[in-house]
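predicted coordinates and the sequence they were generated for:
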Amino acid sequence: MPRSLHGGRHELGQNFLTHRPTLSRITALVRRTSGSILELGAGDGALTRSLAELGRPLTAIDIDEHRVARLRRVLPGVRVEPADATRYPFDADVVVGNIPFHLTTPILRRLLATGSWGHAVLLTQWEVARKRAGVGGSTMMTAQSAPWFDFELQGRVPSWGFSPQPSVDGGVLTISRRSTALIPRSERRAYEAFVRAAFTGRGSSLAVVIAGAARVDIDAARQALAHAGVSTRSLPRDLQGEQWSIVWPHLSRKTTRR
C-alpha cells in the first residue's frame, strides 16, 4: 500500500483490528441499534465488511486516501470518504470505529459535544475505555457528560489483536444518548464548569470542595451530598452520573439566589 499524503501507519496511529471475536462483538453491538452508521477510521475494512452485512446505510471514513480508493472498489455498496475523524460531522444514528489511540480524547470530546447520534461503539485504549465507563472511579469528562450520556464497558481486546501490535490492550466502549436528560441542556455549560471546578478543587473534604466549586456555604454542600446519598469522605471520582445530577440542581438553585 503506497504511503498516504498524511503519513505512514505510525504517523496516523493506525493499529488495524484483526481480532475476529472483537469484530463480531462490535458488529453485534451495532446490530442492537437502528438507523444509519458512520464508521471512523475504516483502515483496511475488516470492520467495514462486517458492518456492511447489516444492510443499513453505512458511511466509512479514513484519512488514508489509498485505503479509501481500495475500499471503494471492494465495497461498492458502502459510501467511503477520505476524511479526518476530528473534523467530519457525526451526523449518523450510530457512530462506530477503532479510534487511533493518540486521538481518543479529542474525538471523544467532539463526539460528546456535537451531532445528533444516538449510540456509539468505540474501540479505544483499555484504560481509556475503563475510565470512561467509570470502572474504578469516574473521570471528569465522564462526569461532565453523564447527565446526557450513558457509558458502558463491553470488553477487553488483547494487544496482539491489532496489526501492528500496540503496547497496550484495547477496550470496547459503548455510549448511548439518554432518552431523557438528567439535567436540562440549557444548563450544560454551567454544569460542566461546576464539575471541572470540583475535580480540580482542593479541600479537606468533598463538602468543602463542592462548596467551593458551586460557591455556596458548606451546609448547602453537605445537604446536597446527603440528598444524593454521597458520603463526604468520598472523592469527586466516586460519584455516579445520577448522583451528580442530584447534587447539581440543589446547588445551582442556591447559586442563582446568591
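Thanks, I have it.

where's residue 91 relative to residue 64, distance?
Residue 91 sits 22 Å away from residue 64, going by C-beta to C-beta, to the nearest Å. (Glycine included, C-beta is placed from N, CA and C.)

residue 28 - how many residues pack around it?
Residue 28 has 12 neighbours, counted by other C-beta atoms under 10 Å.

mind telling me what element it is part of?
helix 20-31 (DSSP states H and E).

now do residue 39
Applying DSSP H and E, one finds residue 39 within strand 37-40.

and that strand, what does it pack onto?
helix 46-52, strand 58-62, strand 94-98 (3 or more C-beta pairs under 8 Å, 6 or more residues apart in numbering; DSSP states H and E).

double-check that residue 44 belongs to a strand.
No: using DSSP: H, G, I helix; E, B strand; the rest coil, the assignment for residue 44 is coil, not a strand.

give me the nearest residue to it, chain neighbours excluded.
Nearest residue to residue 44 in three dimensions, chain neighbours excluded: residue 16, at 5.5 Å (C-beta to C-beta, 6 or more residues apart in numbering).

what's near enough to touch the one you found?
43, 44, 46, 98, 162, 163 (C-beta atoms under 8 Å, 6 or more residues apart in numbering).

break the protein down into its domains, please.
9-177, 185-257 (automatic domain parsing).

centre-most residue in this structure?
Residue closest to the average C-alpha location in the chain (C-alpha atoms, centre = their mean): residue 108, at 4.5 Å.

name the element that residue belongs to?
helix 104-113.
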